[in-house]
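S.K.: here is a sequence together with a model predicted from it:
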Amino acid sequence: MNTFFCSDYARQVGEELIGSATNYETYILVECPPPWTTEAFNSRWVPKNLQLLVEEITRAKLPIRFLLIANDVSHKADETTLLIYQKKQGLSHGYCKYEFHLPNIELVAGVVKKWLAHSTTDYQVYTDATRDILVCTHGSHDKCCARYGNPFFFHAAHTVANLQLDSVRLWKSSHFGGHRFAPTAIDLPEGRYYGVLDQEIFKVILTRNGDIHCLEKVYRGWGILPTQLQVLERQLILHHGWDWFNYKVSGKILEQSLDNQTFLGEISCETPDGSLYTYQAQFIQDSHKSVKLRSACNSQKESVLVKYAIANVWLSSTKVVSFAQ
């Protein structure tokens, strides 16, 4: 009997979480009751037209992530929620939400195709502010997400209810990577990733109140940024405190060495009062923090998971915009 749990092992070896958030332009979240098969979009309630669309987009290697989502009432809902989160260009807080309430899941593929083609659909689009938190509970993909994701989701629902956060919606989600950090979550519309969560830290994340250094243990990174820059962004969170979450941000890799050992990157941010800052940093592969391990419960082989460290960082420019009264 295989008693190997990748999440337990990653904790034992002390793998750092930062830099493990994946970078997508678009998230397409389709409400579909579990159970889900190992490959979620082969599940029994997913219609053929949606399976074909997902396959087509996967083959084209477009930066789009399809996920199945559900909550405790999805199985008796008389409509299907479709959420599309689109990354904003330039300085931003993350993603824009487009929400559709469709009579059934068979209509999802048609609406998504029209949306991707920038043509109007026959259904109302809701863009009101919600905070959608996805918790991976996809146990058929990796047993750690059942073992840790399901209990976390159950208690998290009580945490949200007790805090009376009406605009926060909690969803079970199919696999979005990093199950060795279970329980793992994506916080949309920002697109920040978290792992090895517990309810106390989850409360801090929800309320953005408390010791910000607890994020060092659980923060996987911000999905709008390249992997290396996620390391710098965590440093900036710890430097600026909770105010950082109100800043608009963008980031890019400026240079990289031929052997991918070193990178030069920058993060720009705009504060609510209009001040602009640009931080540049040099990143190097960190042989001390890089680890070799089985990254999933069913992996037979070990993989080398490369980690990056900041060699140096500097504030390259500041500009204060003054608004005439």
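M.R.: Received the coordinates, thanks. Owing to the predicted nature of the structure, the values given are computational and were not obtained by experimental measurement.
S.K.: mind showing which ranges of the stretch 51-200 of the chain have poor pLDDT?
M.R.: Within the stretch 51-200 of the chain, the stretches with pLDDT under 70 are 138-144.
S.K.: so where do the helices sit in the chain?
M.R.: 6-13, 48-59, 108-116, 143-144, 150-162, 199-207, 215-218, 227-240 (DSSP state H).
S.K.: longest strand in the protein, please.
M.R.: The strand spanning the most residues in the chain, taking DSSP state E as the definition, is strand 308-319.
S.K.: hang on, the earlier thing: out of the helices of the chain, which one sits most buried?
M.R.: Most buried of these, by mean neighbour count (mean count of other Cβ atoms under 10 Å): helix 143-144, with a mean of 23. All C-beta spots, glycine's among them, are computed from the backbone N, C-alpha and C.
S.K.: show me what contacts the closest residue to Leu134 other than its chain neighbours?
M.R.: Of all residues not flanking Leu134 in the chain, Ser173 sits nearest, at 3.8 Å (Cβ to Cβ, 6 or more residues apart in numbering). By Cβ atoms under 8 Å, 6 or more residues apart in numbering, the residues touching Ser173 are 29, 67-69, 134-138, 186.
S.K.: separation between Gln199 and Cys96?
M.R.: Per Cβ to Cβ, to the nearest Å, Gln199 is found 30 Å from Cys96.
S.K.: repeat that for Ala161.
M.R.: Ala161 sits 27 Å away from Cys96, taking Cβ to Cβ as the criterion.
S.K.: distance from the chain centre to stretch 57-64, please.
M.R.: With Cα atoms, centre = their mean, to the nearest Å as the basis, stretch 57-64 stands 18 Å off its chain's centre.
S.K.: same question for stretch 48-58.
M.R.: 22 Å.
S.K.: ok, stretch 27-46 next?
M.R.: Between the centre of stretch 27-46 and the centre of its host chain there is 18 Å, according to Cα atoms, centre = their mean.
S.K.: ok, and the closest non-adjacent residue to Asp211?
M.R.: Using Cβ to Cβ, 6+ apart and skipping the chain neighbours, the partner closest in space to Asp211 is Val204 (7.2 Å).
S.K.: I'd say the one you found and Val218 touch.
M.R.: No. Judged on Cβ atoms under 8 Å, Val204 makes no contact with Val218 at a distance of 9.2 Å.
S.K.: what number of residues lie near Tyr247?
M.R.: Residues lying near Tyr247 (other Cβ atoms under 10 Å) number 19.
S.K.: if we can go back for a sec, now the residue nearest to Leu134: how far from Tyr148?
M.R.: Note on Ser173: its distance to Tyr148, by Cβ to Cβ, is 14 Å.
S.K.: next: Val168.
M.R.: Distance from Val168 to Tyr148, by Cβ to Cβ: 21 Å.
S.K.: when these two are compared, which one has more neighbours?
M.R.: Neighbour count, other Cβ under 10 Å: between Val168 and Tyr148, Tyr148 has more, with 25 against 17.
S.K.: how much space separates the more buried one from Lys172?
M.R.: Tyr148 sits 13 Å away from Lys172, going by Cβ to Cβ.
S.K.: go on, Phe245?
M.R.: Applying Cβ to Cβ to Phe245 and Lys172 gives a distance of 25 Å.
S.K.: show me where the stretch 1-150 of the chain has strands.
M.R.: Listed in chain order, the strands of the stretch 1-150 of the chain (DSSP state E, counting those that start in this stretch) span 26-31, 64-70, 80-87, 95-102, 131-136.
S.K.: which among those strands is found nearest to Ile284?
M.R.: Shortest distance between Ile284 and the strands of the stretch 1-150 of the chain, using Cβ to Cβ, is found for strand 80-87: 27.7 Å.
S.K.: who touches the closest one?
M.R.: 24-32, 69, 94-105, 107-108, 111-112, 115, 132, 188-189, 191, 224.
S.K.: can you say which of the residues you listed are buried?
M.R.: Applying 16 or more other Cβ atoms under 10 Å to these, the neighbour count classes 24, 26-32, 69, 94-95, 97-100, 102, 105, 107-108, 111-112, 115, 132, 188-189, 191, 224 as buried.
S.K.: if we can go back for a sec, so can I have TSV of the strands of the stretch 1-150 of the chain showing distance to Glu270?
M.R.: Compiled in TSV, the strands of the stretch 1-150 of the chain are given as follows (distance: least, Cβ to Cβ, whole Å):
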stretch	distance to Glu270
strand 26-31	23
strand 64-70	27
strand 80-87	17
strand 95-102	17
strand 131-136	21
